[in-house]
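Asker: fold the stuff below for me.
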Amino acid sequence: MATTNLSTDRIRNWRSIVCLVVFVLTNLNVLFPFRIPIPVPRRLARTFVSTLVTLRIIPPRRQKQDQLHSHEQTSSGPGSALIWLSFPMNFVTGPLIADLFLLAILAIGRQEVHDGTVGADNIDPINIMVFFITLAYIAISIDSTGLIRWLAYKVLQSGGKNGKRLYLYLYTFFFALASFIGNDPVILSGTPFLAYMTRISKNIEDPKAWIYTQFAMANIASAILVSSNPTNLVLAGAFQIKFIVYTANIIVPVIVTVVLLFPFLLYFLFQSDALIPKAIQLHELPESAKGKQPLNPNIPNAEIEKQSSDEEEETALLEEILNPYLERRSAAFGACIMTATLVTILAVNAATPVQNSHPVWWVTLPAAGVMLCWDLTWGWLRRNETRKVARESRERAEGSHETLSAVEMKNQSPSSSEQSKIEADVAALDVEQTSSEHFSPLESADEGKGGREPASSPRERPPERATLESITQNSWSWCRETFPTATTVLSTLPLPLVPFSLCMFVLVQSLVTHGWVAVFAYGWNHWIHATGTVGAVGGMAFMSIILCNFAGTNIGTSILLCRVVQAWLAIHSNSGTAISQRTFWATIYSMTLGLNYGAFSLAFSASLAGLLWREILARKHVFVRSRDFMRINFGIIAFATVVGCAVLVGEMYIIRPDTAYTPTA
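Answerer: This next block holds a predicted model:
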């Protein structure tokens, strides 16, 4: 372990105080994202847009200009010289701006950026991110084959209409699946499945028992394997823990938590029949849809976005649940790749005498490459079929839209005198816009000299020339129709996690440099002296859970607490005193429980998975309020934490001696 500067005198420096304030404000920004209105001169904005049009980056579309004029008028008034742009401050932009600000005032420098990205003290951020993203590709690729929804459908069939039995089956299913492939794929597919299942049920009045249980199981299960959560990767790397040793120590508290949590949820928290009925009544799938071939949801336009009636929408939901799509060959291949990858990781990690001498991304990167090649090859071989499905679905969607528009126009048709007045107004408005619009060199010469005909329809206008935007859109559409699985996975990957995590690493490194982590470590040391092993378990679990909600999600919390514990070790090393193995490992594994359990605690932003979970539910018209999220999860997290910590205390007293800890112990 690198030598740690434990001096606390540095915190009196003004730059140290700024670093702490910036860290706190950044975490509040992650918890409460907002937007900053930025005034821009109207003439500058129009010049910029005109330049983009001239360079053929964007097309000169009237629709976009009308939207711009409308935004200008509503934002700054028709005569204002300014327009207002909205800049997002969220978990991606907030930490990045914080780092740039600290660099600008010289509060951090090259060393902090290096240690926060390349790595220091056995924490290798870039390696962790490569490992996590490549393994996530394999997991999400398996998900995109429809395997998770198909398995959930089989569980639904096995559970039948017995509500409590089905609840047990889904409870076990989501835990087992998340233990294997991590929480993100389970949330990506399991959440919409439950939203649909509870919606097509006649007597489930509120889906909260099902969706909260699924979210809790996905995060509890992610504690078992190091590969299931980036927080586990940070912790295992920081303290040189072999993956198999990590799993062997944490699996017992997790399993006991899962076993005891089920009756608590079923008979106490969600005991109402309105939440988990004794007999679930599901709508039946129509006969016309029972033999229908399920469509691949990865193909664009595979489903008409808006059904023309409630009955057709309900049928579509039933089909998605009771007639799920499954690409069997890709699912089997992906499952084999994932199994081989995890087994290889465990074997290589266990056989490596020195941690990080053979980084685990050496295994996951080639495996993800093989999975990507399979997705691309399989998509290319089936390109004619997928393109045909996309084309036919697009034509049906366009036909439905035109039919609906015609019906609406017919229902709203004005009288002949009103029609004449409307046509005159439209003609006058079109002439006025034509005379005032900026002439684009991309327009034809005749159009530039003579203008447009006032009553011309969009279909009569000459086709627009290609631009960078149109080429990009067409290329992406071609890729989606030709390689539906690969493009779906690439667009679903948690890539925003990379800049967020790296920036948080740098922020925490600034606290290390300026002495704040040493202050926290001394505080933890005093706590351990007063409470011992039991206090180590309870204190670290509680602190981890609370900080997940206020320290940049559970990822930011893992970075901060690992640095604190490393400084705590340095305190004892410098003073010549020892920490017992029992107390040290109790601290480490209680941190693991807190980091994973803390994802379903008080706020959605306690984990990126929570933000994803809320977003998916909102898209399926299931809206979860922050107040309800906190209230319901409080009971779950309290029970799970007490059980997990109690089991962990007993385990530490049984398997860990009271002898001095050394880094190789």
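
Asker: for the closest residue to R10 other than its chain neighbours, give me its contacts.
Answerer: Residue nearest to R10 in three dimensions, not counting chain neighbours: G515, with 3.7 Å by CB to CB, 6 or more residues apart in numbering. In short, each C-beta sits where N, CA and C put it, glycine included. Going by CB atoms under 8 Å, 6 or more residues apart in numbering, G515 touches N5, S7, T8, D9, R10, I11, S16.

Asker: apply the buried test to those residues and list what passes.
Answerer: R10, I11, S16 (16 or more other CB atoms under 10 Å).

Asker: what residue ranges in the protein score low on pLDDT?
Answerer: Counting by pLDDT under 70, the chain contains low-confidence ranges at 1-5, 61-79, 287-291, 302-315, 353-358, 397-464, 552, 664-665.

Asker: the strands in it, which residues?
Answerer: Along the chain, the stretches classed as strands by DSSP state E are 34-41, 82-89.

Asker: deepest-packed of these, please.
Answerer: strand 82-89 (a mean of 14; mean count of other CB atoms under 10 Å).

Asker: off-centre distance for that strand?
Answerer: Centre-to-centre, strand 82-89 and its host chain are 25 Å apart (CA atoms, centre = their mean, to the nearest Å).

Asker: same question, stretch 579-598
Answerer: 26 Å.

Asker: could you pull out the buried residues of it?
Answerer: Across stretch 579-598, burial judged by 16+ other CB under 10 Å covers 579-598.

Asker: ok, stretch 605-622 next?
Answerer: For stretch 605-622, the neighbour count (16+ other CB under 10 Å) marks 605-614, 616-617, 620, 622 as buried.

Asker: pull the residues that contact it.
Answerer: Stretch 605-622 has contacts (CB under 8 Å, 6+ apart) with 30-31, 91, 183-184, 187-188, 191-192, 195-196, 199, 207, 211, 215, 218-219, 494, 496-497, 500, 548-549, 553-555, 598-600, 603-604, 623-624, 629.

Asker: same question for stretch 108-126.
Answerer: 1-2, 4, 19, 99, 102-103, 127, 234, 237-240, 355-356, 359, 501-503, 505-510, 512-513, 559, 562-563, 566.

Asker: between the two ends of that stretch, how far is it?
Answerer: 19 Å (CA to CA, to the nearest Å).

Asker: list the contacts for V360?
Answerer: V360 neighbours (CB under 8 Å, 6+ apart): N127, F131, S227, F243, I345, V348, N349.

Asker: what does R582 give?
Answerer: Applying CB under 8 Å, 6+ apart, the residues near R582 are T533, M652, Y653, R656, P657, D658.

Asker: can you say which of those residues are buried?
Answerer: Neighbour-count burial (16+ other CB under 10 Å) applied to those gives T533, M652, R656.

Asker: would you turn the residues you listed into TSV with distance to V155?
Answerer: As requested, these are arranged in TSV below (distance: CB to CB, whole Å):
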residue	distance to V155
T533	40
M652	36
R656	38
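
Asker: filter the residues you listed down to just the ones in helices.
Answerer: If you go by DSSP state H, these have T533, M652 in helices.

Asker: which of the buried ones among the contacts of R582 sits closest to S144?
Answerer: Of all the buried ones among the contacts of R582, the one with the least separation from S144 (CB to CB) is M652, at 41.1 Å.

Asker: test my guess that the closest one contacts G532.
Answerer: No: the pair M652 / G532 is not scored as a contact, 10.9 Å apart, by CB atoms under 8 Å.

Asker: any idea which of the contacts of V360 is closest to V370?
Answerer: Nearest to V370 among the contacts of V360, with distances taken as CB to CB, is I345, at 14.8 Å.

Asker: ok, the closest one - contacts?
Answerer: I345 makes contact with S227, F243, V360, V363, T364, according to CB under 8 Å, 6+ apart.

Asker: how about 10 Å then?
Answerer: 131, 135, 225-227, 243-244, 360-364, 367 (CB atoms under 10 Å, 6 or more residues apart in numbering).
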